[in-house]
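**Student:** predicted model and sequence below, questions to follow.
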Amino acid sequence: MTKYTFPQNFMWGAAASGIQTEGSTNKANDSIWDLWHQKSPERFYRGISSETVTDTYHRYQEDVQNMKKVGFNSFRTSIQWSRLIKDYETGEVCQDAVAFYNNYLDEMIANGIEPMMNLYHFDMPAELQEKFGGFESKKVVDMFADYAETAFKLFGHKVKYWITFNEPIVPVEGGYLYDFHYPCKKDGKLAVQVAFNIILAHAKAVHRFNALELENSKIGIVLNLTPSYTRNDSEEDKKAAWYADLLFNRSFLDPMVKNEIPQELCDVLEEQGVTPETTSKEVELITTAKVEFLGVNYYVPRRVKAREASYDLDYFTPEVYFENYVNPEGRFNPYRDNNEILPTAVYDIAKNVQENYGNIPWYLAEIGIAMDVESEGEPGEDGLIDDSFRTGLMKEHLVQLHRAIQEGSNCFGVHQWTFIDNWSWLNSFKRRYGFYRLDLETGDRIPKKHGLWFKELATTGSFED
Ligand code: BG6
């Protein structure tokens, strides 16, 4: 047995988001997820919308106690733009939302849970998407900065860790390339413009944050990163991986963490005829918006090979430069659409941040190990659901993280996706990730065994394997 000990004051907890947990009670406005569900309920697994979620709006006190039971010292969720802001033009806030977020934050703080608040988790207000095209429009970029400033002013004295966006590339991929988020467009040039505008929105929010000089608060960004692993060592495959890394990782990581826009990226976008409209002032804002920490979400590795088949889409996607590849020798999670399991990717990510991004303080902001209800089974006589599969995989990933920390990686915490099984976009409740099962009929939270193990880990800062 080896004992793995993590640094003192390490953050242990989970991540979730407002829209995936709160429920729709008293919401000032709809988001695109409400709108899309009204238009196309059949796109959602079993037709379930974000209205039927964990109902945190009513149950936050009970849930903070549930956090304590599994040893959390921190928790990330998000403020919903469409809950907080009543009138997007005037910036008028919804007082009910202000009271809710204040109560929720106070409850966490009083119980020793450090809140980390994110401002955007894929949840564009429906009205702003329909009127202006969401982040297609620079007007909406400014509206986001206004909303962010409102949130900083209202809650800045309670929140020490602010995050502008969770996985900012995902709304670009889902909404503008691959059709899994509203507005379901397939338009490579528009996708690049939206990506640029989101980076600009982030930068403007960071500048607004810094201007407020909030004591004891930091601002950061959460990105989903995975190295691109190749099929073999051929120059062609290595080049394919270089493109995938440039377009999926460095496209956001470099501007947001290093404050640099890679020249190679500009060249590739120009070659594809998809250069976005920018001004030198905007570029200056991006290249001066300093974040103090990075969150990294990790689920699956990306595997690529050089393109063999011809590219037959009539619009730009990053796949013009590579093909996705399934590792024939990989290990796969049967409970998550056979996604590959590769714990060493956590080490590789940590080393990349350490060596190429100034060893910025970072944390594993989401590590998600999905199972389905059938494979988790029913609670045993002890009342617990047996998800030891999850604990086994978590250990394997943490061993790799520990190795990187021993080598100097500046990692300050781990958050599991997620706290209570929650609604997940088109997948609705198909994949379960939580420390607690959500009974969809009764709303009951049913504990899983993994939570006991996690509590021990969080309390002692170590585990043995
Ligand atoms: C993360 C997102 O990438 O993946 C979450 O930040 C999401 O919002 C989670 O719920 C799980 O996604 P999925 O597709 O496995 O249900």
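**Tutor:** Done, it's in.
**Student:** now the residue positioned nearest the centre of the chain: how far from Tyr315?
**Tutor:** Centroid check for the chain by C-alpha atoms, centre = their mean gives Asn166 as the closest residue, at 3.9 Å. Separation of Asn166 from Tyr315 (C-beta to C-beta, to the nearest Å): 26 Å. Yep, even glycine has a C-beta here, placed from its N, CA and C like the rest.
**Student:** try Ile198
**Tutor:** To Tyr315, Ile198 is 19 Å away according to C-beta to C-beta.
**Student:** which of these two has more residues huddled nearby?
**Tutor:** Counted by other C-beta atoms under 10 Å, Ile198 and Tyr315 do not tie: Ile198 has more neighbours, with 23 against 16.
**Student:** excluding chain neighbours, what is closest to the more buried one?
**Tutor:** Of all residues not flanking Ile198 in the chain, Pro168 sits nearest, at 4.7 Å (C-beta to C-beta, 6 or more residues apart in numbering).
**Student:** what pLDDT does that neighbour get?
**Tutor:** As predicted, Pro168 sits at a pLDDT of 98.
**Student:** could you measure from it over to the ligand?
**Tutor:** From Pro168 over to the ligand the distance is 11 Å, taken as C-beta to the nearest ligand atom, to the nearest Å.
**Student:** how many neighbours does that residue have?
**Tutor:** 24.
**Student:** the one helix or strand Asp267 maps to: which residues count as buried?
**Tutor:** Using DSSP states H and E, Asp267 maps to helix 263-271. By neighbour count with 16 or more other C-beta atoms under 10 Å, helix 263-271 contains the buried residues 265, 268-269.
**Student:** stretch 385-401 too?
**Tutor:** Residues of stretch 385-401 classed as buried: 385-387, 389-391, 393-401 (neighbour count, 16+ other C-beta under 10 Å).
**Student:** quick one, what contacts Pro276?
**Tutor:** Taking C-beta atoms under 8 Å, 6 or more residues apart in numbering, we find Pro276 in contact with 189, 192-193, 195-197, 269.
**Student:** now for these, which pair is the farthest apart?
**Tutor:** Asn197 and Leu269 (14.2 Å; C-beta to C-beta).
**Student:** isn't Ser409 up against Ala350?
**Tutor:** Yes - at 4.1 Å, Ser409 counts as touching Ala350 under the criterion of C-beta atoms under 8 Å.
**Student:** mind listing the shared neighbours of the two?
**Tutor:** In contact with both Ser409 and Ala350: 362, 401, using C-beta under 8 Å, 6+ apart.
**Student:** which one's more surrounded, the two?
**Tutor:** Between Ser409 and Ala350, counted using other C-beta under 10 Å, the more crowded position is Ala350 (25 against 21).
**Student:** which strand or helix spans the closest residue to the more buried one other than its chain neighbours?
**Tutor:** Counting by C-beta to C-beta, 6+ apart, Ala404 is the residue found nearest to Ala350 once chain neighbours are left out, at 3.4 Å. Assignment of secondary structure by DSSP H and E places Ala404 within helix 388-406.
**Student:** what mean pLDDT does that helix have?
**Tutor:** On average, helix 388-406 scores 98.
**Student:** neighbours of the residue in the chain that the ligand sits nearest to, how many?
**Tutor:** Of all residues in the chain, the one sitting closest to the ligand is Ser424 (3.2 Å; C-beta to the nearest ligand atom). Neighbour count for Ser424, taken as other C-beta under 10 Å: 21.
**Student:** so who does it touch?
**Tutor:** 20, 430-431.
**Student:** repeat the analysis, applying 7 Å as the threshold.
**Tutor:** Neighbour list for Ser424: 20, 431 [criterion: C-beta atoms under 7 Å, 6 or more residues apart in numbering].
**Student:** kindly report the same for Ala203.
**Tutor:** 285-286, 289.
**Student:** kindly report the same for Thr460.
**Tutor:** Counting by C-beta under 7 Å, 6+ apart, there are no residues that Thr460 touches.
**Student:** what comes up buried for the helix or strand of the chain with the lowest mean pLDDT?
**Tutor:** For the chain, counting by mean pLDDT, DSSP states H and E, helix 373-376 ranks last in confidence among helices and strands (a mean of 92). Buried residues in helix 373-376, counted by 16+ other C-beta under 10 Å: 373, 376.
**Student:** what distance do you get for Met371 to Pro379?
**Tutor:** 14 Å.
**Student:** those two - which one has more neighbours?
**Tutor:** Met371 (24 against 15).
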